[in-house]
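*Asks:* here's my sequence, what's the structure:
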Amino acid sequence: MRIFGIVGRSGSGKTTLIERLVPRLVSKGLVVSLIKHAHHGFDIDRPGKDSWRHREAGCTEVLLTSNDRWVLMHELRGQREPTLEELLSRLSPCDLVLIEGFKAMDAPKLEVWRPSLGKPPVFPHDGGILAVASDERFPAPVPVIDLRDADSLADFVLASAKDSLEGCASVHGRC
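*Replies:* Modelled structure (predicted):
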């Protein structure tokens, strides 16, 4: 399983880029999965539905399944957030895992940065960022790839993905 991170400030276009990358990677015959870190609470369940009611009643895990998909919801209930390595071990085997939002992980990363948003880039302070995807050209110590060129970005991701999290640096308990 190879891994590659997509990082950037909120609103920079990480999700949109991933939406454009995945079909290109899949068209190359790869099985692609994704882990996304949310910095605030979220819920994929709806109040009042059976699964929500089971979680509210105290179930630690609720697995929903149908003919089309299954999902496992796990309540932490005060326990620590799993590390990236622990989360990766829970995924089904695949060729490539894109990881969105784990800025502190010690793995190859691409930063999505738009100077027009007025937010500072991450890349000057993170040696794991191997390139920047941007809608503007600017001088940088790493390659700057046109954010609109999803084919070149997909090729870069494939060429730069790492085989594992060996040597992963832990920051605040998360890789």
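*Asks:* give the buried residues for stretch 125-139.
*Replies:* Within stretch 125-139, the residues scored as buried using 16 or more other CB atoms under 10 Å are Asp126, Gly128, Ile129, Leu130, Ala131, Val132, Ala133, Ser134. For the C-beta atoms, the positions are set from N, CA and C on the backbone; glycine is no exception.
*Asks:* so what's Glu61 up against?
*Replies:* Taking CB atoms under 8 Å, 6 or more residues apart in numbering, we find Glu61 in contact with Leu72, Met73, His74, Glu75.
*Asks:* from Asp68, how far out is the third one?
*Replies:* Separation of His74 from Asp68 (CB to CB, to the nearest Å) stands at 21 Å.
*Asks:* okay, these two: which has more neighbours?
*Replies:* His74 (14 against 5; other CB atoms under 10 Å).
*Asks:* mind checking how far the more buried one is from Arg90?
*Replies:* 9 Å.
*Asks:* got it, and Ala133?
*Replies:* For Ala133 relative to Arg90 (CB to CB), the value is 28 Å.
*Asks:* go on, Leu110?
*Replies:* With CB to CB as the criterion, Leu110 and Arg90 are 24 Å apart.
*Asks:* point out where the chain drops to low pLDDT.
*Replies:* Residue ranges of the chain with pLDDT under 70: 40, 165-175.
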